[in-house]
Structure formats: C-alpha cells, structure tokens
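**Q** Build me a model:
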Amino acid sequence: MDAETTDRVALVTGASRGIGAGIARQLLDRGVRVAGTYRSGGELVEKLAADHPGRVLPVAFDLAAPETADAVVERVTGHWGRLDTLVLNAAVWQGGKLARIDLGDWWRVIEENLRSTAALVRAAIPWLGRGTDSGVVIIGSAVGSVGFPGDTAYASVKAAAVGFARSLAKELAPHGVRVNVLAPGFVDTDMTSAIPEASRRKIADATLLGRFGTVEEIAKAAVFLAEDATFCTGAVLAADGGWTL
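**A** Prediction:
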C-alpha cells in the first residue's frame with residue numbers, strides 16, 4: 001500500500017528492472033510520484049503504473065539519444081508541473097579487456113553514459129532549482145574507485161561520475177540543489193546473474209559482509225540520498241558490503 005502522497009516528483013532512469021525499479025518502488029513507498037524511464041521493458045513500468053494509479057509516469061528514453069533529454073523532462077514537468085529529484089540509474093555496460101575490446105564499443109560505453117547524464121541534468125536544472133529540497137543522485141559503482149579487470153570503459157564512466165557530481169554540487173548549491181553519488185558493489189540483478197559461480201564465490205569472499213547486496217538494500221541507500229540526506233552534497237556513499245576496503 002502506498003504511503004501518504006506528497007507533492008514531490010522524482011525522475012528515475014532505467015526504472016523497468018533491477019536497481020532502478022527498486023528505487024522507484026522505494027520512492028513510491030515514501031509517497032513520491034515517480035516518472036520512470038525505460039529503453040526496453042516498457043511493459044514493466046506500465047505494470048508499476050497500473051499498481052499505483054496516477055502516481056507513475058512511464059517515459060521512453062534511450063541513452064544513445066541524449067538529444068531527447070529535453071523532451072523527457074518536458075514530459076514529466078508538463079504532466080506534474082514540477083521535478084524535485086533526478087536519479088540517474090540507467091547505464092550502458094560492455095565488458096572486455098582493453099587489448100581485446102573493439103575501441104568503437106569502448107567509446108560507445110563512455111559516450112552514451114556521460115552524454116546522457118549531462119543532457120538529463122542540464123534539462124532538469126531549471127526545474128530542480130524551484131524546489132525547497134531538490135537533488136540529483138547518480139548511481140555510480142565501486143569499480144569506479146578500485147577498478148575491475150575487463151571493465152576499463154565502465155570503470156572510467158563511474159570514476160568520471162564522481163568528478164562530475166562534485167563539480168555540479170558546487171555549481172548548484174547556491175540554488176539549493178544537492179548532488180550525490182551512490183556507489184554500489186556487487187548486487188544480485190539480471191546483470192550479475194551471468195557471473196560464473198566460482199567468480200561469485202571469489203567476489204563474496206572479498207566482500208566483508210560475505211555476500212552480494214540486494215536490490216532493496218541499494219534502493220534504500222539511493223532514497224536516503226534523495227530524500228533524507230538534506231545536509232549532504234558532493235558525497236559518495238559506498239554501498240558495497242565492504243568490497244572496496
């Protein structure tokens with residue numbers, strides 16, 4: 001059952017599954033209205049909307065077409081008249097060691113992730129500054145701080161997200177907008193389900209809490225940054241079970 005509805009509106013990218021869907025559900029539990037973007041799996045966001053009548057707005061968005069970011073924000077603000085929180089969760093991933101990966105694929109990971117992040121934030125800034133407590137939460141990754149073999153492109157993107165967020169935090173603080181990064185470790189999602197069991201055991205053994213995280217745990221941390229951490233900006237919150245220690 002939904003919590004008491006507030007006036008607040010959040011835009012969550014990649015809300016059709018995994019961490020993005022978990023964040024959308026946690027925000028809905030807080031009474032926040034949610035616009036959820038999807039590239040595929042639109043029927044999953046539509047189901048979420050059916051389960052929460054009038055409180056979920058499905059919006060198509062492809063990271064490969066960042067020029068449509070303005071239209072995405074216009075769709076949300078035209079529907080609800082405000083935007084308080086932007087959660088940048090959607091990401092393109094392709095693994096492969098640098099000596100073997102096609103450089104075109106390597107650059108695609110960099111470009112699609114960074115360009116879409118910049119485009120969506122730029123489009124949202126005029127609206128975020130109107131609220132009394134507005135914020136941007138970027139879903140980063142633990143690999144952005146310690147690296148991982150075969151992940152040079154993705155790790156580069158997530159490392160860049162930290163510099164981007166801290167610079168943006170300084171730009172937007174005078175307007176009352178907070179900008180923070182959540183850096184998850186290994187989480188049980190569709191993406192990590194393909195990791196071989198032997199590798200999963202090694203990762204779990206290298207994690208202080210001895211296991212992968214859950215979507216719900218990461219979503220709670222993201223919502224903390226979005227809704228509760230009102231004196232935090234430019235921060236990077238590790239939610240990795242101690243994997244990076």
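
**Q** Would you list the strands that the top strand by length along the chain pairs with, along with their directions?
**A** Ranked by number of residues, the top strand in the chain under DSSP state E is strand 177-184. Paired strands of strand 177-184, with direction, are strand 134-139 (parallel), strand 236-239 (parallel) (DSSP bridges).

**Q** Which of those has the highest mean neighbour count?
**A** strand 134-139 (a mean of 26; mean count of other Cβ atoms under 10 Å). From N, CA and C alone the C-beta is placed, and that goes for glycine too.

**Q** still on that earlier bit, with respect to residue 230, which of the strands paired with strand 177-184 lies nearest?
**A** Of all the strands paired with strand 177-184, it is strand 134-139 that lies closest to residue 230, at 8.6 Å by Cβ to Cβ.

**Q** so after that closest one, what's the next helix or strand?
**A** helix 143-146 (DSSP states H and E).

**Q** what sits up against that next one?
**A** With contacts defined as Cβ atoms under 8 Å, 6 or more residues apart in numbering, helix 143-146 is touched by 151, 154-155, 157-162, 183, 236, 238, 244.

**Q** Show me these that map onto helices.
**A** Counting by DSSP state H, these place 154-155, 157-162 in helices.

**Q** Next, please give the residue ranges for the strands of this protein.
**A** 9-12, 33-38, 56-60, 85-88, 134-139, 177-184, 236-239.

**Q** beta partners of residue 11?
**A** With DSSP bridges as the rule, residue 11 is bridged to residue 35, residue 86.

**Q** hey, C-alpha coordinates of the longest strand of the chain in CSV?
**A** The C-alpha trace of strand 177-184 is given here as CSV (Å, rounded to 0.1, in the frame of the first residue of the first chain):
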residue,chain,number,x,y,z
VAL,A,177,20.2,21.6,-5.2
ARG,A,178,22.1,18.7,-3.7
VAL,A,179,24.2,16.3,-5.9
ASN,A,180,25.4,13.0,-4.6
VAL,A,181,26.7,9.6,-5.8
LEU,A,182,25.8,6.2,-4.7
ALA,A,183,28.5,3.6,-5.4
PRO,A,184,27.1,0.0,-5.2
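
**Q** so who does the residue positioned nearest the centre of the chain touch?
**A** Note on the chain: the residue nearest the mean C-alpha position is residue 89, at 1.9 Å, using Cα atoms, centre = their mean. By Cβ under 8 Å, 6+ apart, the residues touching residue 89 are 12-15, 19-20, 23, 139, 222.

**Q** nearest to residue 130, of those?
**A** Nearest to residue 130 among the contacts of residue 89, counting by Cβ to Cβ, is residue 12 at 19.2 Å.

**Q** how many neighbours does that closest one have?
**A** 33 (other Cβ atoms under 10 Å).

**Q** Please tell me how far it sits from residue 172.
**A** 19 Å (Cβ to Cβ, to the nearest Å).

**Q** Same question for residue 50.
**A** For residue 50, the distance to residue 172 - Cβ to Cβ - is 35 Å.

**Q** more neighbours, those two?
**A** Taking other Cβ under 10 Å, residue 50 and residue 172 do not tie; residue 172 has more neighbours (20 against 9).

**Q** which ones are touching that one?
**A** Contacts of residue 172 by Cβ under 8 Å, 6+ apart are 125, 128-129, 136, 178-179.

**Q** Distance-wise, check it relative to residue 137.
**A** Using Cβ to Cβ, residue 172 is found at 13 Å from residue 137.

**Q** Next: residue 145.
**A** Counting by Cβ to Cβ - residue 145 and residue 137 are separated by 17 Å.

**Q** Poorly predicted segments of this structure, please.
**A** For the chain, the stretches with pLDDT under 70 are 1-4.

**Q** The same query, at a cut-off of 80, please.
**A** Scanning the chain for pLDDT under 80 picks out the ranges 1-6, 131-132, 191, 193-194.
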